[in-house]
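Trainee: next come a sequence and a model predicted from it.
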Amino acid sequence: MNVQTRKAISTGAGVAIVVVLLVIAAGAYYYIAYYSPGPNTTTTTTTTSAVLPGKGMSIGVVFDVGGLGDRGFNDLAYQGMIQANTILGVDYKYEVATSTTGIPQLFATLINDHLNLIVGVGFDDDGAIYNFSQKYPNQLFAQVDGDIYNVTNLIAIKYQEHVGSAIVGALSAAMAGNGGKIGFLGGVTTGIIFKFWNGWKFGATWADQYLTRVTGSAYNNTLTEKYDSTGFNGFADQTGGYKNGQSMIAAGDKIIFTAAGGTGIGTFNAIGQYDQQQGWNWSNSTAPPVWAIGVDANQDYYGTKQFYTTTNSSTAATSLKAPSFVLTSEIKKVDLGVFDVANWVVHGNFSALWNNPTKFAPSFYNGQTALCGANGDAACHVRGVFLLGLAQGAVGPTNFQYTSQFLTPIAKQVMAQITKGIINGSITVPEVYTDTGV
């Protein structure tokens, strides 16, 4: 069975990084549209009159627990599906998981519709998508955050979340000031969320060391690590996110980075409420007492006065203006991954990734990592992975549309230096999937 254990994967070796310094500008595109995607099961056909390359083809998506409207991971996958419809002309159908136990039946439903491509969103699809990919070898599959490799009809869409997290971790330390407390809230105690945590911790620690050198004062920020749940409901627990946010604020955290899906919205609400209680009234001259940092999608808009004070479930918020209590978001272009794989299918290039593993995911093919060999000392030669990271502008902070006026010169310097180091290879962010960082 080709289901790999989540362990440390080095993405430093062989990744050609030719990106502009700082991926900040790339985040502007990922401003979430305020839509109501509809029920759990939807079938839609393209209505354009133009002859598009995907006309007559179809894509199906199984969305993760947490559902649509999470303003993050699932919503981005939805946008990638819609882009495939509007740009390529493919029809689409989707199912939304309400529990992990129901996931196999959702895949079975889509398989019965004879779609050209079926995409699973989330690592909890591993078992179902592996079984169905074996049972239906002529059906093409893709999986966001999947850990199934070397299956010829399946592409694992992977991201360098740890790299983007390191950049916002360094920013957090710089913005909090010497001795300031900063916090990380994960949705679930699981490998990929530990990957976010370890990247964020590395960035904050790196910033402390860098600031100690350049300022001559010993920097020592305090980091809080907290998780909402051990089960997948931790990605859809706004009440838990709110309570955890309150406790972290009470403990003194001044910046809280949420890697928790829809749960993070509850944390945003706790932060917004606290800032208001402290008398902050969206002043452009005064920073809020506590900052939030979003994840996956550009969630910066959420902390604006026009959005937050109108209704948190608004579907028609307009004229949003600075400032926001969401400092930035660590984007993860799930929509890019979903769209790109759909594009390959439409143009008959699905197998191209298999024929060019050193181009699409060199660390999985050539790298010596903890995934391979008894001691992580063997080359992986893993095929079927589409890896997106800093080089593709797929991870990193947003463009600070609502908060740029609050960025201190030293915070800008710290972000520039860690990004530069990652790009030129002088800084390697560890990719670690355990809580202990080992």
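Mentor: Sure thing, it's come through. Residues are numbered from 1 along each chain as shown.

Trainee: quick one, strands of the stretch 51-200 of the chain?
Mentor: Secondary structure of the stretch 51-200 of the chain, counting by DSSP state E, counting those that start in this stretch: strands at 58-63, 91-96, 117-121, 140-144, 154-159, 181-188.

Trainee: how many neighbours does Val346 have?
Mentor: Using other Cβ atoms under 10 Å, Val346 is surrounded by 22 other residues. All C-beta atoms are positioned from the backbone trio N, CA, C, and that covers glycine.

Trainee: now the closest residue to it other than its chain neighbours: phi and psi?
Mentor: Nearest-residue entry for Val346: Gly54, 4.2 Å, with adjacent residues in sequence omitted and distances by Cβ to Cβ, 6 or more residues apart in numbering. When read as degrees, to the nearest 10, the backbone of Gly54 gives phi -100, psi 10.

Trainee: does Asn220 touch Gly180 like I think?
Mentor: No. Using Cβ atoms under 8 Å, Asn220 makes no contact with Gly180, being 9.6 Å away.

Trainee: now the helices for the stretch 51-200 of the chain?
Mentor: Using DSSP state H, counting those that start in this stretch, the helices assigned to the stretch 51-200 of the chain run over residues 73-83, 103-111, 126-135, 161-176, 191-215.

Trainee: now stretch 236-250: how far from the chain's centre is it?
Mentor: How far stretch 236-250 lies from its chain's middle: 20 Å, per Cα atoms, centre = their mean, to the nearest Å.

Trainee: contacts for that stretch?
Mentor: 65-67, 70, 183, 185, 187, 224, 226, 228-229, 234, 256, 258, 260-271, 274, 290 (Cβ atoms under 8 Å, 6 or more residues apart in numbering).

Trainee: can you flag the buried ones in those?
Mentor: Using 16 or more other Cβ atoms under 10 Å as the burial test, the contacts of stretch 236-250 include 65-67, 70, 183, 185, 187, 226, 228-229, 234, 256, 258, 260-271, 274, 290 as buried.

Trainee: just the ones of these in helices?
Mentor: Judged by DSSP state H, helices contain the following of the buried ones among the contacts of stretch 236-250: Thr263, Gly264, Ile265, Gly266, Thr267, Phe268, Asn269, Ala270, Ile271, Tyr274.

Trainee: would JSON lines of those with pLDDT be doable?
Mentor: Formatted as JSON lines, those follow (pLDDT from 0 to 100):
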{"residue": "Thr263", "pLDDT": "94"}
{"residue": "Gly264", "pLDDT": "95"}
{"residue": "Ile265", "pLDDT": "93"}
{"residue": "Gly266", "pLDDT": "96"}
{"residue": "Thr267", "pLDDT": "98"}
{"residue": "Phe268", "pLDDT": "97"}
{"residue": "Asn269", "pLDDT": "97"}
{"residue": "Ala270", "pLDDT": "98"}
{"residue": "Ile271", "pLDDT": "98"}
{"residue": "Tyr274", "pLDDT": "98"}
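
Trainee: ok, those vs Leu390, which is closest?
Mentor: Nearest to Leu390 among these is Gly264, at 22.3 Å by Cβ to Cβ.

Trainee: and the gap between the residue lying closest to the closest one once chain neighbours are set aside and Ala292?
Mentor: Using Cβ to Cβ, 6+ apart and skipping the chain neighbours, the partner closest in space to Gly264 is Thr258 (3.3 Å). Here Thr258 is placed at a distance of 7 Å from Ala292 (Cβ to Cβ, to the nearest Å).

Trainee: overlap in contacts, those two.
Mentor: Common contacts of Thr258 and Ala292 (Cβ under 8 Å, 6+ apart): Gly264, Thr267, Phe268.
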